[in-house]
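Can you look at this prediction? I've put the sequence above it.
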Amino acid sequence: MSSSPDKKVISVRIKRKPEPKIESPLLFSQDDIRRYVTEFVSSWIRGDIIIRFPTAAELSKQTPLSIAFPTDPSVNAELKIKEHYVEQLSIIAGIKPASAEEQEKAIAEVFKMLLMFRSANRIEGKIISNDLEKRIQELEKTVKVQAKLVDQIIGFLFKPKTGNKKAPAA
């Protein structure tokens, strides 16, 4: 057997199998947290839920009459809690300029507040998902269209007939 100078070279590519996806041990993904925060904030803005922030009386553990004095530090604490919440909302809504990292931190902070408010029974009402709201809007549109169709059908059925009437014979 002699080797010929016209050897054929075959090029072979080996595809590596992708690493199997390892599921995260986390209960909620970043997208889940973002969705919950969006639904929470949207429900609060629409008035579907009421957040009962800690009051100065609760913070000071004193009688409500003692909070009337401006020197009471618990009044400032009550305002700071609300200001912090609104500031975080301003960041995640894009009203207050912030870096992407600051925005993610604000989303995480509002999520923690959601958990805190819920665990302390400080949320009244239902947090309505955006999906549910969209479905309700679609149903409302459908009902309006159907009501128009029913009106048209009723109008057609009970419309006075005009046509050739024979004159009564004399």
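Looks like it came in fine.

now the helices: where do they sit in the protein?
30-46, 56-60, 73-93, 100-119, 130-157 (DSSP state H).

how close does the closest residue to Arg34 other than its chain neighbours get to Lys21?
Leaving aside its sequence neighbours, Arg34 sits nearest to Ile107 (CB to CB, 6 or more residues apart in numbering; 6.0 Å). Using the backbone N, CA and C atoms, a C-beta is placed for each residue, glycine as well. Separation of Ile107 from Lys21 (CB to CB, to the nearest Å): 25 Å.

and what of Glu78?
47 Å.

With Ala93 instead?
33 Å.

what's the answer for Lys7, then?
Taken as CB to CB, the span from Lys7 to Lys21 is 43 Å.

cool, and Lys15?
Distance from Lys15 to Lys21, by CB to CB: 17 Å.

before we move on, back to that, comparing Glu78 and Lys21, which residue is more hemmed in?
Glu78 (20 against 6; other CB atoms under 10 Å).

right, and the more buried one touches Ser60 too?
No. Applying CB atoms under 8 Å as the test, Glu78 and Ser60 come out as separate, 9.1 Å apart.

any residues in contact with both of those two?
With contacts defined as CB atoms under 8 Å, 6 or more residues apart in numbering, no residue is shared by Glu78 and Ser60.
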